[in-house]
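Colleague: Next come a sequence and a model predicted from it.
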Amino acid sequence: KFNQATQKPDQTVDNPLYSQDKATTLQMILKTPLQYAPGTKTVYSDVDYMLLGLIVEKVTGKALDEYVENTFYKPLGLN
């Protein structure tokens, strides 16, 4: 199980996990070790949202910002 309670990466600016290259980001997500056993502690982490974004892009074939804009923001009248 992958959730906010299981994984928290080093959040320094030079960490490759925060690269703009999606392939590098995915590889770094897969290499990030769990800090705690799933379900034992809650720690905020961006990793799950990064992974969700990559999944949305893979499934929809659209860039995440384009998908969110057309699926949520425009229908709700948000700019």
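Modeller: Nice, thanks for sending it over. Numbering: from 1, shown residues only.
Colleague: And the residue nearest the centre of the chain, what's its pLDDT?
Modeller: For the chain, the residue nearest the mean C-alpha position is Met50 (1.1 Å; CA atoms, centre = their mean). Model confidence at Met50, given as pLDDT, is 88.
Colleague: I'd say it and Lys22 touch.
Modeller: No. With contacts counted by CB atoms under 8 Å, Met50 stays clear of Lys22, the gap being 9.3 Å. (Glycine included, C-beta is placed from N, CA and C.)
Colleague: Quickly find the element holding the residue nearest to the centre of the chain.
Modeller: Assessed by DSSP states H and E, Met50 sits inside helix 47-60.
Colleague: In that helix, which of the residues would be classed as buried?
Modeller: 47-48, 50-51, 53-54, 56-57 (16 or more other CB atoms under 10 Å).
Colleague: what are the ranges of the helices in this protein?
Modeller: 22-31, 47-60, 64-68 (DSSP state H).
Colleague: quick one: which of the ones you listed is nearest Gly39?
Modeller: helix 47-60 (14.1 Å; CB to CB).
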